[in-house]
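Asker: Sequence first, then the predicted structure, then my questions.
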Amino acid sequence: MSERKSILVVEDDPPVMEFLIDTLSAGYDVLPAKTIQEGWALFSQKRPALALLDVSLPDGSGTDMCRRIRAHPERAETPVIILTGRRQMDDKKDGFASGADQYLVKPIESAELLMWVGALLTRVAVDKGELGRLHAGRLVLDPKAMIAAWDGALLTNLTPKEFQLLHYIVRRRPAVVSRREILSRLWHTVAVDNLVDTHMHNLRRKLPQALAVHIQAVPGKGFRYLDSPSQ
């Protein structure tokens, strides 16, 4: 019998917390917290399989906690769902920019929440089990260890999402990958303007020039990685 996974829930509204515990507890061990401080202590001690964060919390924003998770040296790839009453596009952009895997708006049906939790946990299991070290000429990517190296030198300044973006287009090379496909695969959404372009711009800016030229924008279609930039 497989071990039950734990889910960290940081939510300060008692009725919402009760709903989340009732929804999730049948299949997961729920770690409830009312503040970021409590949530971070549980995250550090219990190593949950997924974090579910409200945005407006007594001691700060759930998006700030998401950024903190993404900066964690060992747990940066923990799936994060932002669950909030904020539905404006700017709020969604901020949620995804913080590194969230999904942005869901309250109220939400139990079935939809369980669907997203299950999908994200399945994605993590597939990534860990199937995606091994990837070689593309002088570039080496190891998704399990989150290591990128060019000409033997480690690229240590990439965020987790930038690493995922680079890994995805390299793995799909030489195909052109659309923004919609990237949004669907890496952010599990298709409706956030300029999110891919912003991350791609930041990624290319951080890469050595000799590597950055391998990434090409294809007008009206998306991006691709070419082993030979002259192709």
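Answerer: Great, that's in hand.
Asker: Which stretches in this protein count as strands?
Answerer: Ranges of strands within the chain are 6-10, 29-33, 50-53, 56-57, 60-61, 80-84, 102-105, 134-136, 139-142, 147-150, 153-154, 215-218, 222-225, based on DSSP state E.
Asker: wait, what's in contact with the residue nearest to the spatial centre of the chain?
Answerer: For the chain, the residue nearest the mean C-alpha position is Asp101 (4.1 Å; Cα atoms, centre = their mean). Contact partners of Asp101, counting by Cβ atoms under 8 Å, 6 or more residues apart in numbering, are Pro79, Val80, Ile81, Leu120, Trp187, His188. Every C-beta, even on glycine, is put in place using the N, C-alpha and C of the backbone.
Asker: Any chance of the strands of the chain in CSV with distance to Thr198 as columns?
Answerer: Output for those, formatted as CSV (distance: least, Cβ to Cβ, whole Å):
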stretch, distance to Thr198
strand 6-10, 26
strand 29-33, 31
strand 50-53, 22
strand 56-57, 24
strand 60-61, 20
strand 80-84, 18
strand 102-105, 16
strand 134-136, 24
strand 139-142, 21
strand 147-150, 19
strand 153-154, 24
strand 215-218, 13
strand 222-225, 13
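Asker: Now the weakest link among these, please, by mean pLDDT.
Answerer: In terms of average pLDDT, strand 134-136 trails the rest of the strands of the chain, at a mean of 86.
Asker: ok, and for that strand, which residues are buried?
Answerer: Leu134, Ala136 (16 or more other Cβ atoms under 10 Å).
Asker: Against which helices or strands is that strand packed?
Answerer: Counting contacts by 3 or more Cβ pairs under 8 Å, 6 or more residues apart in numbering; DSSP states H and E, strand 134-136 is packed against strand 139-142, helix 160-171.
Asker: Leu42: neighbour count?
Answerer: Other residues lying near Leu42 total 19 when counted by other Cβ atoms under 10 Å.
Asker: Hmm, it is touching Leu31, no?
Answerer: Yes: contact criterion Cβ atoms under 8 Å: Leu42 and Leu31 qualify, at 4.7 Å.
Asker: Now do the same contact list for Val55.
Answerer: Val55 touches Ser61, Gly62, Thr63, Ile82, Thr84, Arg86, Asp91, Gly95, counting by Cβ under 8 Å, 6+ apart.
Asker: could I get these as a markdown table with distance to Val55 and neighbour count?
Answerer: Listed next are these as a markdown table, based on distance: Cβ to Cβ, whole Å; neighbours: other Cβ atoms under 10 Å:
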| residue | distance to Val55 | neighbour count |
| --- | --- | --- |
| Ser61 | 6 | 19 |
| Gly62 | 5 | 26 |
| Thr63 | 6 | 22 |
| Ile82 | 6 | 28 |
| Thr84 | 4 | 20 |
| Arg86 | 6 | 16 |
| Asp91 | 7 | 17 |
| Gly95 | 7 | 29 |
